[in-house]
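[1] I would like the atomic coordinates for the input below:
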Amino acid sequence: MTDIIIVGSGGIPPSLTTTSDKVSKSPGIEPSTFSGLLDDNPGNYARHGFSAAFLGGIEGHAVRKDRKYVIGIGNTSAGRMIVERFIHDGALFTSFVHVDAYVSKSASYGTGVVVGPGG
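    All right, here's what the predicted structure looks like:
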């Protein structure tokens with residue numbers, strides 16, 4: 001079982017955290033539990049009522065080597081900058097694919113990909 005920290009708690013993470021039982025059954029993706037979420041705007045976290053803990057802001061977060069990360073930021077430019085900084089600091093990102101996602105059987109998943117239901 002992999003402990004995951006989700007980076008960002010806006011629009012993407014609710015579909016991940018509410019369906020983690022389904023995601024953990026996706027072929028080729030290791031079973032996961034959520035350690036918590038990071039966000040520089042605590043209001044994003046509070047708005048969704050997550051069961052996973054709020055771990056604080058993204059800025060200033062000390063990367064944990066005993067956890068893996070999933071990016072939960074829809075703005076790819078902002079997400080890329082954060083991912084690059086986290087990787088520089090030693091973070092490992094994992095892929096996350098929902099079992100109800102429409103994905104070809106011949107598809108392969110790159111590191112850090114996030115595919116939600118229906119997408």
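[2] Report the buried residues of stretch 104-118.
    109, 112-116 (16 or more other C-beta atoms under 10 Å). Yep, even glycine has a C-beta here, placed from its N, CA and C like the rest.
[3] Point out the least confident one among these.
    The lowest pLDDT within those belongs to G116, which sits at 75.
[4] From D100, how far off is it?
    Applying C-beta to C-beta, to the nearest Å, the value for G116 to D100 is 9 Å.
[5] Quick check, central residue of the protein?
    V70 (2.7 Å; C-alpha atoms, centre = their mean).
[6] State the helix or strand in which the residue in the chain sticking out farthest from the centre lies.
    Largest separation from the mean C-alpha position in the chain: S106, at 23.3 Å (C-alpha atoms, centre = their mean). Following DSSP states H and E, there is no helix or strand that holds S106.
[7] Redo the buried residues of stretch 104-118 as CSV? Include distance to I4 and secondary structure.
    Below are these laid out as CSV (distance: C-beta to C-beta, whole Å; DSSP: H, G, I helix; E, B strand; the rest coil):
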residue, distance to I4, secondary structure
Y109, 15, coil
G112, 11, coil
V113, 14, coil
V114, 11, strand
V115, 15, strand
G116, 15, coil
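[8] from the residues you listed, which is closest to H48?
    G116 (14.6 Å; C-beta to C-beta).
[9] Might one say that that closest one is in contact with V99?
    No. The pair G116 / V99 is not scored as a contact, 10.9 Å apart, by C-beta atoms under 8 Å.
[10] Helices of this structure, residue ranges please.
    Applying DSSP state H to the chain gives helices spanning 13-17, 20-23, 42-48, 76-88.
[11] among those, which gets the worst mean confidence?
    helix 20-23 - the lowest mean pLDDT of the helices of the chain, at a mean of 51.
[12] any idea how far R67 is from M1?
    12 Å.
[13] For the two, indicate the residue with more neighbours.
    R67 (17 against 8; other C-beta atoms under 10 Å).
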